[in-house]
Structures are given as structure tokens and as C-alpha cells.
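Chemist: With the input below, show me the fold.
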Amino acid sequence: MSVTHLDGFANSCQEAVKAVLHAITAQGEERRGHLSDAKSAVDMALRDAHSGEEWHLAEHLRQGIKDVETRLRDAS
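Modeler: Residues are numbered from 1 along each chain as shown. Got it, this is the predicted structure:
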């Protein structure tokens, strides 16, 4: 996924998705680091949201990160 000329919100969302994808393929401490990065990126997206739709998307990303954390924890 790549977009040029991203604003703050879009860039934060893209960074969150990339971090989650890296977390899925990583192990141990590296995985936790990627999930932490994803959470930070979503927090930034929420701060940069300019509309209800953007805020809603960021909240879905936040919930997706929680789901990934749960599934990865259950799998290990």
C-alpha cells in the first residue's frame, strides 16, 4: 500500500496498517514493538481526524489492532 502526498491522517493510518502487517509476521519482542508502533500511529490518526468518517476509520483500526493482539496471543 503506497500513496503519495499523504496528509497527517492518511499517513498515520498507512503507518498503522504497515505496523500491524509487520507484527503478524514477527515474533516475540519485535512483534510487541510493531503493535506498539501501530497503536501510536492510530493515536496520531485520531488526533489528526478532520471528520466523523476519519475518526470512525481510526477507531476501526484501533479495534483491528486489538483483534490481532488477541489472535496472536491465543496462537502462541
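
Chemist: my guess is Ile24 meets Val68, correct?
Modeler: Yes. Taking contacts as C-beta atoms under 8 Å, Ile24 lies within contact range of Val68: 6.5 Å. All C-beta atoms are positioned from the backbone trio N, CA, C, and that covers glycine.

Chemist: what about those two, which has more around it?
Modeler: Legend: neighbour count by other C-beta atoms under 10 Å for Ile24 and Val68, higher for Val68 (18 against 13).

Chemist: Now the more buried one: which helix or strand?
Modeler: For Val68, the host element (DSSP states H and E) is helix 52-75.

Chemist: In that helix, which residues are buried?
Modeler: Glu54, Leu57, Ala58, Leu61, Arg62, Ile65, Val68, Glu69, Leu72 (16 or more other C-beta atoms under 10 Å).

Chemist: what does that helix rub up against?
Modeler: 9, 12-13, 16-17, 20, 23-24, 31, 35, 38-39, 42, 45-46, 48-49 (C-beta atoms under 8 Å, 6 or more residues apart in numbering).

Chemist: if we can go back for a sec, how about the buried residues of helix 52-75 in a markdown table, adding pLDDT?
Modeler: Formatted as a markdown table, those follow (pLDDT from 0 to 100):
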| residue | pLDDT |
| --- | --- |
| Glu54 | 92 |
| Leu57 | 94 |
| Ala58 | 95 |
| Leu61 | 95 |
| Arg62 | 96 |
| Ile65 | 95 |
| Val68 | 90 |
| Glu69 | 91 |
| Leu72 | 84 |
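
Chemist: Most widely separated two among those?
Modeler: Glu54 and Leu72 (26.9 Å; C-beta to C-beta).

Chemist: Not counting sequence-adjacent ones, nearest residue to the residue nearest the centre of the chain?
Modeler: Closest residue to the average C-alpha location of the chain: Ala16 at 2.7 Å, with C-alpha atoms, centre = their mean. Ranked by C-beta to C-beta, 6 or more residues apart in numbering and with sequence neighbours excluded, the top spatial neighbour of Ala16 is Ala41, at 3.8 Å.
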